[in-house]
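Novice: what shape does this take:
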Amino acid sequence: MNLNHNDYSSKKVDYVVGFSLSGGSGKEKATQEKAMRLAQRVGRFRLFTASSSGAVSQLIAEIRYLLQGAFSAKPDLIISRSYWGFGAGLLGMMFGIPVVREVHAHMSEEVDILCADRPVRRFLLRFVAGLQLWWFRRSDGLIFNNPLLERFYLDNCLKPGRIDTITVANGANTADFYVQDPEPLRERLGLDESSVHLVFCGSVSRWHGVDLLIKFFEGVAKVDSRFVLTIVGGGDESFLAQLKGANIGVERLSFVGKVSPQLARDYICAANLCMLPVADIRVSPGSPLKLYDYIACGKPVLAQANMPGYSDVVEAHELGASIDFSNPSVAVSEFLAWYDAADAEEYQRHNRQKAEADLSWGAVIEQWLAFGFKE
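Specialist: Model prediction:
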């Protein structure tokens, strides 16, 4: 991707985020990366965040931004990723400031999945989702992270021609994720050097397809004893417990649980191949941060086939291969044929290069700014 780097040195940008960045989650680290890249590209940059994840803290953050913004030098552009939305929205309306919002999911759908057994919480969060959509419709632009999500909103939630939209996927954090020698890592992590290590690293949630990955792995293990599968990550603890209970007897399968970002990087670098399944149970599968962590570490990726944001990125940039995890009888033979012909050293060189150039956070922010400041 050859980007035309425009001069934004005279521009002032506010980035309003409706959650705290004090933790080490993938979402928080990705937001920190975006903020850092924005700060590098514009003349004045201000980041506003909530102090915690609670609803009261988020409301206070909206009010604080509205008041501070009203009585200080105004930005040329507000970029917002918040739940309530009124801080950026009202400031934009009062002073004629363009407001562009990030859209990462269809919130009402996520609430129904996550709060299926908690009707009161589901009702309250559905109210927030409705308010969020109200502000989306009054924005000057929406940045989606997956083309399926953009198409859903255009077809079902937005009036035709009223709002400019764009899809921009996530980017690679090449500072925190990088190539390492796998052999000492495998020894330190207790991974057998004689095995071929398949690693999934990320949130173990219902829509991330880890159950499909395990079924696929069972099929692989029946015909080839070289492979082991390691599941690294926390996420939905009840779902994770169900997976562990249902797969107690599966040989050469292990669950590591939630780890620090640094340890996650080590598991990725210790892998021979990194796994990118997804369950097709949402409007949009999102843009998986782990894909970009994988390639920053120089690892080939095995992605779910026919899935925008997953297989299309892997195939377009030649980052690995795609198979249908939900059809293991076919996927196993396709995978084994591909893996035996794959060149690990070439993937390491190629994927790291892609992460540094075409798929970096810097490239993502160039697209954001071109969209926000378009003529």
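Novice: how near is the residue lying farthest from the centre of the chain to Q242?
Specialist: The outermost residue of the chain, judged against the average C-alpha position, is F71 (34.7 Å), by C-alpha atoms, centre = their mean. To Q242, F71 is 51 Å away according to C-beta to C-beta, to the nearest Å. Every C-beta, even on glycine, is put in place using the N, C-alpha and C of the backbone.
Novice: and the strands in the chain?
Specialist: All strands of the chain, identified by DSSP state E, fall at 12-17, 44-49, 77-81, 99-103, 141-144, 164-167, 196-201, 227-232, 253-257, 273-276, 301-304, 320-323.
Novice: how about TSV for those strands, with mean neighbour count and mean pLDDT added?
Specialist: Formatted as TSV, the strands of the chain follow (neighbours: other C-beta atoms under 10 Å; pLDDT from 0 to 100):
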stretch	mean neighbour count	mean pLDDT
strand 12-17	24	98
strand 44-49	18	97
strand 77-81	25	97
strand 99-103	23	97
strand 141-144	22	98
strand 164-167	17	97
strand 196-201	23	98
strand 227-232	22	97
strand 253-257	16	94
strand 273-276	26	98
strand 301-304	27	98
strand 320-323	22	98
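Novice: so which of those comes closest to T31?
Specialist: strand 12-17 (5.8 Å; C-beta to C-beta).
Novice: name every strand pairing with that closest one and say which way it goes.
Specialist: Using DSSP bridges, the strands paired with strand 12-17 are strand 44-49 (parallel), strand 77-81 (parallel).
Novice: residues contacting the residue lying closest to K215 once chain neighbours are set aside?
Specialist: Spatial nearest neighbour of K215, excluding adjacent residues (C-beta to C-beta, 6 or more residues apart in numbering): P328 at 5.6 Å. By C-beta atoms under 8 Å, 6 or more residues apart in numbering, the contact list for P328 reads 215-216, 218-219.
Novice: my guess is W135 contacts L90. True?
Specialist: No - W135 is not in contact with L90 according to C-beta atoms under 8 Å; the separation is 9.5 Å.
Novice: neighbour count winner among these two?
Specialist: W135 (21 against 18; other C-beta atoms under 10 Å).
Novice: quick one, longest helix in this structure?
Specialist: Longest helix in the chain by number of residues, with DSSP state H as the criterion: helix 119-136.
Novice: pull out the buried residues from it.
Specialist: Going by neighbour count (16 or more other C-beta atoms under 10 Å), the buried part of helix 119-136 is 122, 125, 128-129, 131-133, 135-136.
Novice: now swap in stretch 348-356 and tell me
Specialist: Residues of stretch 348-356 classed as buried: 348, 350-352, 354-356 (neighbour count, 16+ other C-beta under 10 Å).
Novice: just the closest of the residues you listed to F200, please.
Specialist: N351 (17.0 Å).
Novice: what separates the closest residue to that closest one other than its chain neighbours from R101, distance-wise?
Specialist: Closest residue to N351 apart from its sequence neighbours, by C-beta to C-beta, 6+ apart: I295 at 4.0 Å. Using C-beta to C-beta, we find I295 at a distance of 28 Å from R101.
Novice: same thing with G69?
Specialist: Using C-beta to C-beta, G69 is found at 16 Å from R101.
Novice: how long is stretch 270-285 end to end?
Specialist: End-to-end span of stretch 270-285 (C-alpha to C-alpha, to the nearest Å): 27 Å.
Novice: tell me the pLDDT at L158?
Specialist: Note on L158: pLDDT of 92.
Novice: how many residues are close by it?
Specialist: Residues contacting L158 under the criterion other C-beta under 10 Å number 18.
Novice: any low-confidence regions in the stretch 51-200 of the chain?
Specialist: For the stretch 51-200 of the chain, the stretches with pLDDT under 70 are 107-116, 120-121, 123.
Novice: please enumerate the helices of it.
Specialist: For the stretch 51-200 of the chain, the helices defined by DSSP state H, counting those that start in this stretch occupy 55-70, 86-95, 107-114, 119-136, 147-156, 182-189.
Novice: which of these sits closest to V210?
Specialist: With C-beta to C-beta as the measure, helix 107-114 is the member of those nearest V210 (15.3 Å).
Novice: do I have it right that L302 meets V278?
Specialist: No - if you go by C-beta under 8 Å, L302 and V278 don't touch, sitting 11.9 Å apart.
Novice: coming back round to it: Throw the contacts of P328 into TSV and include distance to L154, pLDDT and neighbour count, thanks.
Specialist: Listed next are those as TSV, based on distance: C-beta to C-beta, whole Å; pLDDT from 0 to 100; neighbours: other C-beta atoms under 10 Å:
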residue	distance to L154	pLDDT	neighbour count
K215	35	96	18
F216	34	97	26
E218	40	96	18
G219	38	96	18
